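Undergrad: take this sequence and fold it.
(one chain, ligands or ions: 2)
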Amino acid sequence: MMNNESGPPLADSTDQEPATPAVHADGLTVVRGPRTVLRGLAFDVPRGRITGLLGPSGCGKSTLMRSIVGTQANITGTLDVLGRPAGHPSLRTRIGYVTQAPSVYDDLTVRQNLDYFAAILAPGRAAAERRRTDVTRAIDDVDLATHADSLAGNLSGGQRSRVSLAVALLGTPELLVLDEPTVGLDPVLRRDLWNLFHDIAARRGATLLISSHVMDEAERCHRLLLMREGEILADDTPEALRTRTDTDTVESAFLHLVDQAVEASRTKEHTR
Ligand SMILES: Nc1ncnc2c1ncn2[C@@H]1O[C@H](COP(=O)(O)OP(=O)(O)OP(=O)(O)O)[C@@H](O)[C@H]1O
Ligand SMILES: [Mg+2]
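TA: Ligands and ions are numbered 1, 2, ... in the order given. Just a heads-up that it's a prediction; the model follows:
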């Protein structure tokens, strides 16, 4: 089973800039090649909560996440993360990021992969004991203790993506940015991972930003950012979204908002 002891509470998540949101964007625009991929986004991600980032393939979810973790070029507008401009060097150890494609070394075991990334996060002999504890906890968190000594290359797809997630959990980051972490996982594992995400938010006060295009996962988030074609369609709680659109599910609410947006842009073109 998943380990419910997901580490100590974050010491410094609230003593600095307690009033600032985890992420604050205003007029955020990103150009990739010939395309404007994000178009003047304005939103806040509150601290200590799970925010779901949802929208169809190609709408800009990964680009937004890359911007937040500081790996995206050609950004204009405001993007503050944990009270600092995105990409600030001091944010490196405060953010955990899982990319859409699992990035692990196939020729290392699960534990060796984690030891390697733990050494980058907390180098030096003095931190050796902490690294060992961190690595063991992260492996337990993602339920891979029985595979700790297996080569990553010999794991299943779902197991490999859990190794990536374990890497992001090292060092108890204040902000976890997870790009489609549950893709390809079976329903039991998906449920266990969502329980872990809630546990991390509740116990550590960490902020989680999780992308998905599976709408039933939206219901498990505290807040939602719904995206379409590089714009934010809605920024609300699942319940408020359902109420506002008079629908039963977030999926229906999303479709309703898409139809509204399409209609609005048609009317705009018509009146030009
Ligand atoms: N390197 C690139 N150069 C130019 N355009 C790019 C590049 N990478 C992505 N794009 C474009 O940016 C847009 C947003 O891509 P992004 O990967 O952010 O979407 P996404 O919402 O994460 O999609 P998915 O759900 O399929 O992962 C897409 O239209 C894509 O074609
Ligand atoms: Mg993506």
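Undergrad: from here on, contacts and neighbour counts on C-alpha atoms
TA: OK.
Undergrad: which residues does residue 131 contact?
TA: Residues in contact with residue 131 (Cα atoms under 8 Å, 6 or more residues apart in numbering) are 115, 118-119, 122.
Undergrad: name the member of those residues with the most neighbours.
TA: In terms of neighbour count, residue 118 stands highest of the contacts of residue 131 at 22 neighbours, by other Cα atoms under 10 Å.
Undergrad: burial measure for whichever residue of the stretch 101-250 of the chain sits closest to ligand 1, as a count.
TA: In the stretch 101-250 of the chain, the residue found nearest to ligand 1 is residue 213; the distance is 6.4 Å by Cα to the nearest ligand atom. Counted with other Cα under 10 Å, the neighbours of residue 213 add up to 18.
Undergrad: need the pLDDT of it.
TA: The pLDDT attached to residue 213 in the predicted structure is 81.
Undergrad: still on that earlier bit, in strands, which of the contacts of residue 131 fall?
TA: Among the contacts of residue 131, no residue falls in strands (DSSP state E).
Undergrad: can you give me the helices for the stretch 151-272 of the chain?
TA: Using DSSP state H, counting those that start in this stretch, the helices of the stretch 151-272 of the chain run over 157-169, 187-204, 215-218, 238-245, 250-270.
Undergrad: now the contacts of residue 131 as JSON lines including pLDDT?
TA: Formatted as JSON lines, these follow (pLDDT from 0 to 100):
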{"residue": "115", "pLDDT": "96"}
{"residue": "118", "pLDDT": "93"}
{"residue": "119", "pLDDT": "92"}
{"residue": "122", "pLDDT": "84"}
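Undergrad: show me which of the residues you listed is closest to residue 226.
TA: residue 118 (33.8 Å; Cα to Cα).
Undergrad: from memory the closest one sits against residue 170, does it?
TA: Yes: between residue 118 and residue 170 there is a contact under Cα atoms under 8 Å: 6.5 Å.
Undergrad: between these two, what contacts are shared?
TA: By Cα under 8 Å, 6+ apart, the residues touching both residue 118 and residue 170 are 134-135.
Undergrad: residue 179: which of the contacts of residue 131 is nearest?
TA: Using Cα to Cα, the contacts of residue 131 come closest to residue 179 at residue 118, 20.7 Å.
Undergrad: what about that closest one, distance to residue 100?
TA: 21 Å (Cα to Cα, to the nearest Å).
Undergrad: same deal with residue 219?
TA: Noted for residue 219: a distance of 21 Å to residue 100, by Cα to Cα.
Undergrad: three-state assignment of residue 79?
TA: strand (DSSP: H, G, I helix; E, B strand; the rest coil).
Undergrad: number of residues surrounding it?
TA: Residue 79: 25 neighbours (other Cα under 10 Å).
Undergrad: who does it bridge with?
TA: Taking DSSP bridges as the rule, residue 79 bridges to residue 25.
Undergrad: ok, now which ones touch the closest residue to residue 227 other than its chain neighbours?
TA: Excluding its sequence neighbours, the residue lying closest to residue 227 (Cα to Cα, 6 or more residues apart in numbering) is residue 55, at 4.8 Å. For residue 55, the contacting residues are 61, 212-213, 226-228, by Cα under 8 Å, 6+ apart.
Undergrad: try residue 99
TA: 178-179.
Undergrad: now the helices of the stretch 151-272 of the chain in TSV, with mean neighbour count and distance to residue 71?
TA: What follows is those, written out as TSV (neighbours: other Cα atoms under 10 Å; distance: least, Cα to Cα, whole Å):
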stretch	mean neighbour count	distance to residue 71
helix 157-169	24	15
helix 187-204	18	24
helix 215-218	18	26
helix 238-245	17	29
helix 250-270	14	29
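Undergrad: can you redo those helices as JSON lines with distance to residue 87?
TA: Formatted as JSON lines, the helices of the stretch 151-272 of the chain follow (distance: least, Cα to Cα, whole Å):
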{"stretch": "helix 157-169", "distance to residue 87": "17"}
{"stretch": "helix 187-204", "distance to residue 87": "23"}
{"stretch": "helix 215-218", "distance to residue 87": "28"}
{"stretch": "helix 238-245", "distance to residue 87": "30"}
{"stretch": "helix 250-270", "distance to residue 87": "31"}
